[in-house]
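**Student:** Sequence unavailable; structure follows:
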């Protein structure tokens, strides 16, 4: 599975009294509420890279306290939000198919686009998606599995290319399969085979959400006469 690391600073997020903060000498001036977690953060650098936070931010009240921003139904939850925050702070984050969908959904919600800041998170995630995830078998499968559990408005932008990638690999002749795959059926020993078995892909595909599983089967069946549905 492919990984991408961004940022160089150590992780300084910490929790105190159900509040997440960043260890720094600069007092927080941005309060964000996601579900039951409150974040005490900083306008700089978050507002520089998050168009949505720019839109929602308002001037402090008469006491100088920042008005809290509540983000309801945030895609990917607190973990995805923190990935985006850490990117803004330059804190090291590791991205893979395991958290890619959550990260792209959160970054899209926060409008972390190139029009807001050059080299922003969405562009980096899209580059990773196109150059790494779509080229890997398990990366595409895991991304599809995660996409079935993250609700956001633009999921088809990720789901359809992954489906196309999976179908393309399934249609490859078994003798030319070079990527790793899951095949644990009794009696099979990879060394005894000169090529992958014809049904090498079925175990991984069967783990997909039912609608995605059907989409793969319907796309493959007309082109592979030997396929038999279980």
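**Tutor:** Now that the structure is in, tell me what you want to look at. Source: prediction; values computed, not measured. Residues are numbered from 1 along each chain as shown.
**Student:** quick one: the closest residue to residue 120 other than its chain neighbours from residue 45, how far?
**Tutor:** The shortest distance from residue 120 to any non-neighbouring residue, by CB to CB, 6 or more residues apart in numbering, is to residue 112 (4.7 Å). For glycine as for every other residue, the C-beta is placed from the backbone atoms N, C-alpha and C. Relative to residue 45, residue 112 is positioned 12 Å away (CB to CB, to the nearest Å).
**Student:** of these two, who's got more company?
**Tutor:** residue 112 (27 against 15; other CB atoms under 10 Å).
**Student:** got a pLDDT number for that one?
**Tutor:** On the pLDDT scale, residue 112 is placed at 98.
**Student:** Likewise for residue 143?
**Tutor:** So residue 143 comes in at 97 (pLDDT).
**Student:** Over to residue 140?
**Tutor:** In this model, residue 140 is scored at 97, pLDDT.
**Student:** repeat for residue 173
**Tutor:** For residue 173, pLDDT reads 87.
**Student:** in the chain, which helix has the most residues?
**Tutor:** The longest helix of the chain (DSSP state H) is helix 156-170.
**Student:** What is the very next helix or strand once past it packed up against?
**Tutor:** Per DSSP states H and E, helix 156-170 leads on to helix 202-205 as the next helix or strand towards the C-terminus. Here helix 202-205 touches helix 137-147, helix 210-220, going by 3 or more CB pairs under 8 Å, 6 or more residues apart in numbering; DSSP states H and E.
**Student:** Please point out which parts of stretch 38-57 sit buried.
**Tutor:** The neighbour-count criterion (16 or more other CB atoms under 10 Å) identifies 38-42, 46-47, 49-53, 57 as the buried residues of stretch 38-57.
**Student:** what does stretch 155-167 give?
**Tutor:** Going by neighbour count (16+ other CB under 10 Å), the buried part of stretch 155-167 is 155, 158, 159, 161, 162, 163, 165, 166, 167.
**Student:** and if you look at stretch 68-85?
**Tutor:** Buried residues in stretch 68-85 (16+ other CB under 10 Å): 69, 71, 74, 75, 76, 80, 81, 82, 83, 84, 85.
**Student:** From those residues, which land in strands?
**Tutor:** Counted as lying in strands by DSSP state E, out of the buried residues of stretch 68-85, are residue 69.
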